[in-house]
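Chemist: got a predicted model here, sequence first, then my questions.
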Amino acid sequence: MVSSIHRDEYVVLLRLLRQCRTDSGLTQGQFAEALGRAQSFVSDMERGFRRIDLIQLRDICAVLNISLLDFVARFEAEISAFERPATTHD
C-alpha cells in the first residue's frame, strides 16, 4: 500500500489547507502564531514534509474559522472531481 503522503488525495488536502489559509488572509507566520506553532511548522505542513493528525486538523479549521465538517466536505468534493473518469464524445 502506498503511504498516504504519496497519494493524490494528500496533495489535494495540502492544496486545500493552503487555499483556506490564504483565503482567510493569514500569512504563514500569522497562522502559525494563532496555532501556537513556529512558522516552519506551517511551511513544512503545506509542503507535505509534516503530517497532520485529526486533532491538528480540527485546530487548524478552528483558526481558519471553518468547521471540520465543512472542510471535509470540501475535501471530498475536490477528491470526487478528480476521481471521475473523463468522458469522451464521439
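Modeler: Cool, the structure landed.
Chemist: now do the helices in the chain.
Modeler: Counting by DSSP state H, the chain has these helices, from start to end: 8-23, 28-35, 39-46, 54-63, 68-83.
Chemist: CSV for these, including mean pLDDT and mean neighbour count?
Modeler: C-beta coordinates here come from the backbone N, C-alpha and C atoms, glycine included. As requested, those are exported to CSV (pLDDT from 0 to 100; neighbours: other CB atoms under 10 Å):
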stretch, mean pLDDT, mean neighbour count
helix 8-23, 95, 15
helix 28-35, 98, 17
helix 39-46, 97, 17
helix 54-63, 97, 15
helix 68-83, 93, 12
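Chemist: got a list of what the residue nearest to the spatial centre of the chain touches?
Modeler: Closest to where the C-alpha atoms of the chain average out (CA atoms, centre = their mean) is Leu17, at 2.9 Å. Shown in contact with Leu17 (CB atoms under 8 Å, 6 or more residues apart in numbering): Met45, Glu46, Ile60.
Chemist: next one: Arg47
Modeler: Leu14.
Chemist: find the nearest non-adjacent residue to Leu35, please.
Modeler: Among residues not flanking Leu35 along the chain, Val63 sits closest, at 5.8 Å (CB to CB, 6 or more residues apart in numbering).
Chemist: likewise Ala34?
Modeler: The shortest distance from Ala34 to any residue that is not its chain neighbour, by CB to CB, 6+ apart, is 4.5 Å, and that residue is Val63.
Chemist: what's the answer for Ser40, then?
Modeler: Counting by CB to CB, 6+ apart, Ala32 is the residue found nearest to Ser40 once chain neighbours are left out, at 7.9 Å.
Chemist: can you check Arg50 too?
Modeler: In space, Arg50 comes closest to Asp44 once its chain neighbours are excluded; the distance is 4.0 Å by CB to CB, 6+ apart.
Chemist: Leu16 contacts Arg74, correct?
Modeler: Yes. Under the criterion of CB atoms under 8 Å, Leu16 lies in contact with Arg74, with a separation of 6.2 Å.
Chemist: let me know the closest of the contacts of Leu17 to Gln28.
Modeler: Nearest to Gln28 among the contacts of Leu17 is Glu46, at 7.4 Å by CB to CB.
Chemist: was I right to think that closest one contacts Leu16?
Modeler: No. At 10.6 Å, Glu46 does not count as touching Leu16 under the criterion of CB under 8 Å.
Chemist: I'm done for today, thanks for sticking with me.
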